[in-house]
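*Asks:* Got a sequence here, can you model it:
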Amino acid sequence: ELEQFNSDIQKLLEPLEAEIQQGVNLKEEDFNKDMNEDNEGTVKELLQRGDNLQQRITDERKREEIKIKQQLLQTKHNALKDLRSQRRKKALEISHQWYQYKRQADDLLKCLDDIEKKLASLPEPRDERKIKMN
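*Replies:* Residues are numbered from 1 along each chain as shown. Alright, predicted model coming up:
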């Protein structure tokens, strides 16, 4: 059970660390108004599992190891929540320009799709080699 806890905590720490490394650089998800804390429940569940393990394990060294991992997870999770909050503030400040850019990008993609469809509907060109041979 301790090994499973260590494995689960490591699996959660890796994506948290990856997002922390991005810092306050905005991502498209930051502009979603309904963006929620997608890993909040998982973090709480792991912290609770750690507490339960600490109460059952008698080896003081292993208990301390669990406690350290819990603190690391909590610290990283809090840092990420702060970063997300900063990114949301930043996103709110420029949201008008973002949505205008997004609309223009969507219009451009639609235009490119229309061009592709028109090109696909054109008749096949004659093979240039055949023309040269004749």
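*Asks:* Give the buried residues for the helix or strand where Gln21 lies.
*Replies:* Using DSSP states H and E, Gln21 maps to helix 2-22. Neighbour-count burial for helix 2-22 flags 5, 9, 12-13, 16, 19 (criterion: 16 or more other CB atoms under 10 Å). For glycine as for every other residue, the C-beta is placed from the backbone atoms N, C-alpha and C.
*Asks:* Could you give the separation of that helix from the chain centroid?
*Replies:* Remark: helix 2-22 is offset 14 Å from the chain centroid, using CA atoms, centre = their mean, to the nearest Å.
*Asks:* So which residue is dead centre in this structure?
*Replies:* The C-alpha lying nearest the average C-alpha coordinate of the chain belongs to Glu19 (CA atoms, centre = their mean; 6.9 Å).
*Asks:* Quick check: the gap between that one and Gly41.
*Replies:* Glu19 sits 17 Å away from Gly41, going by CB to CB, to the nearest Å.
*Asks:* do the same with Gln4
*Replies:* 18 Å.
*Asks:* Residue for residue, what is the longest helix the chain has?
*Replies:* The longest helix of the chain (DSSP state H) is helix 60-121.
*Asks:* so what secondary structure elements neighbour it?
*Replies:* The contact analysis (3 or more CB pairs under 8 Å, 6 or more residues apart in numbering; DSSP states H and E) places helix 60-121 against helix 2-22, helix 40-56.
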